[in-house]
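Enquirer: Mind folding the following:
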Amino acid sequence: MFAACKKDKKEEPHDPVKQAAIDEQLIQKYIADSSITGTLKDDTSGLHYKILAHGTTPNDTITLEDRMNITYTGKLLNGNVFDSGENTTLREARLKGLIKGWQIGLRKIAKGDKVLLLIPSGLGYGNSSSGSIPANSVLVFEVTLNNFYF
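Expert: Numbering: from 1, shown residues only. Reported below is the predicted structural model:
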């Protein structure tokens with residue numbers, strides 16, 4: 001009766017440092033395989049990003065307290081899209097309530113900019129799964145910051 005609850009395999013404890021190294025290798029491979037040039041890396045967090053297009057207001061940047069209107073696509077490294085939205089207004093969520101990868105990455109751009117974010121799992125959903133996103137997944141987002149407001 002309890003056979004289904006029995007663990008046959010011993011799971012290793014999650015090691016965030018080891019996972020960050022794995023994520024970095026996966027991101028570097030993705031960049032090379034996709035022929036992406038000009039990416040930048042936030043050395044403190046491990047986030048990789050590339051500004052794909054500039055808007056018209058270079059000094060108008062978002063804060064953690066702001067809400068936003070965005071156009072975005074989120075996918076896994078294998079190309080599977082898990083979420084997208086066009087002119088999506090996040091009325092209920094402030095930037096500080098979203099995943100760390102967005103908190104860091106969107107503060108590197110200005111209103112109207114479009115950015116590619118390569119988010120290590122530790123800045124996404126970590127070692128937990130979320131919907132169709134498996135645990136320890138590197139996330140790839142293209143985000144246009146259309147507007148933001150407090």
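
Enquirer: report the longest helix in this protein, please.
Expert: helix 16-33 (DSSP state H).

Enquirer: continuing past that one, what's the next helix or strand?
Expert: Following helix 16-33 in sequence order, the next helix or strand is strand 40-41 (DSSP states H and E).

Enquirer: Listing partners with orientation, what would you give for that next one?
Expert: Next to strand 40-41 in the sheet, as set by DSSP bridges, lie strand 48-53 (antiparallel).

Enquirer: Run through the strands of this structure in chain order.
Expert: For the chain, strands defined by DSSP state E occupy the ranges 40-41, 48-53, 67-76, 81-90, 114-119, 139-149.

Enquirer: Counting by contacts, list what the longest one packs against.
Expert: Think strand 139-149. For strand 139-149, the elements it packs on are strand 67-76, helix 100-105, strand 114-119, judged by 3 or more C-beta pairs under 8 Å, 6 or more residues apart in numbering; DSSP states H and E. For glycine as for every other residue, the C-beta is placed from the backbone atoms N, C-alpha and C.

Enquirer: do that again at 10 Å, thanks
Expert: Judged by 3 or more C-beta pairs under 10 Å, 6 or more residues apart in numbering; DSSP states H and E, the packing partners of strand 139-149 are helix 16-33, strand 48-53, strand 67-76, strand 81-90, helix 100-105, strand 114-119.
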